[in-house]
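Student: turn this into a structure:
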Amino acid sequence: MNAPASRESSALRICVIGGGNMGGAIVQRWLECTPQHEYRIIGRATRPDWLTKGATWFPHTNPGPALDGADLVMLAVKPAQAAEVAEQTRNSLPPEALLVSVLAGVRLGRLAELFGRGERVYRCMPNTPFRLGCGISVLCGPALSPPDQKQAQARSAIQTLYALGGAVLWADEGQMDFLTAALGSSPAFAYRFAGALALCIEARGFDAEQARTLAAAVVNGAGAMLMQTEAPADVLIRQVASPNGATQRGLELLSDGGYDELITQAVAAAEQRSAELGRE
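Tutor: Okay, here's the model as predicted:
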């Protein structure tokens, strides 16, 4: 990807199609970390409140100017809109631009078919903590073995951008639906636990804001222990739960209720839905 001489040599023209929750989280992080790039957003609705500066907003009815000269195009619409968006943008995509899709379930072959492209198509499944730099992005691309120089440069450019949001994992496409569920959907499962704990605290006389703050602190602290100590979850559990103690009594109830099995089933359900989305 060669930047024109009028821009910094390290600057890229990045076009994002879609300004929803996930696309917005990614762009906000990029704007904070790499303001030297030129950002263009193509959206259906009005310009979002968070897009105050550093990016140009284009209506979806006229995407050509936003795509002109783009080095990287990120597709961040709903999976069901992929064909419509491809029809509107296919002829305006620069031949050398990298296309990165964050659409759940829509496979590389289908994207290449829709957008008339080959090896410069990639998939990414980030999660919303990307916004704070503590997320994880799963990437996959064309299966070239060994990758040529052009492919290696493309992967390096993509990894550099998505690493701004946290950890990056390259995976085979066959794993993407599972990883979409296990890594992309699972923050919502953690929020569900936090929400239930907040309701429990509120029911005992604390106000809603206190309950939310306390529950968030519990989840944040537990996550920090997992990351910073690098200890397995069962080791950290034993550090909290004394034999025949209060915590152990609560853990036994969770086990009796099939807690671990419910998590497995929730991930499996999300994985199945991810695959379905790619076929709709």
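
Student: what about C140, neighbour count?
Tutor: Other residues within reach of C140 by the criterion other CB atoms under 10 Å amount to 20. For every residue, glycine as well, the C-beta is placed using N, CA and C.

Student: list the contacts for it?
Tutor: If a contact means CB atoms under 8 Å, 6 or more residues apart in numbering, then C140 has L108, Y122, R123, W170, A171, D172, E173, Q175, M176 as its contacts.

Student: and those, which are buried?
Tutor: If you count burial by 16 or more other CB atoms under 10 Å, the buried members of those come out as L108, Y122, R123, M176.

Student: pull the most distant pair out of those.
Tutor: Y122 and M176 (11.2 Å; CB to CB).

Student: Y122 against L99, yeah?
Tutor: Yes - under the criterion of CB atoms under 8 Å, Y122 is in contact with L99, at a separation of 7.0 Å.

Student: where does this protein have low pLDDT?
Tutor: For the chain, residues meeting the criterion pLDDT under 70 lie at 1-9, 45-46, 50-52, 144-147.

Student: residue farthest from the centroid of it?
Tutor: With distances taken as CA atoms, centre = their mean, the residue sitting farthest from the centre of the chain turns out to be N244, at 40.9 Å.

Student: hang on, the earlier thing: need the buried ones among the contacts of C140 in JSON lines (columns: secondary structure).
Tutor: Rendered in JSON lines, the data for the buried ones among the contacts of C140 read as follows (DSSP: H, G, I helix; E, B strand; the rest coil):
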{"residue": "L108", "secondary structure": "helix"}
{"residue": "Y122", "secondary structure": "strand"}
{"residue": "R123", "secondary structure": "strand"}
{"residue": "M176", "secondary structure": "helix"}
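
Student: how about the strands in the chain?
Tutor: Per DSSP state E, the chain has strands spanning 13-17, 38-43, 55-59, 72-75, 98-101, 121-125, 135-140, 166-170. These are given in chain order.

Student: so which of these comes closest to A196?
Tutor: If you check each of the strands of the chain against A196 by CB to CB, strand 135-140 wins as the nearest, at 22.8 Å.

Student: orientation of the closest one relative to strand 121-125 in degrees?
Tutor: Relative orientation of strand 135-140 and strand 121-125, computed by axes from the mean of the first three to the mean of the last three CA atoms, to 10 degrees: 150 degrees.

Student: just want the angle from strand 135-140 to strand 166-170.
Tutor: Calculated by the same axes, to 10 degrees, strand 135-140 forms an angle of 20 degrees with strand 166-170.

Student: show me what counts as buried in strand 135-140.
Tutor: G135, I136, S137, V138, L139, C140.

Student: which strands border it, and is each parallel or antiparallel?
Tutor: Partners of strand 135-140 in the sheet, by DSSP bridges, are strand 121-125 (antiparallel), strand 166-170 (parallel).
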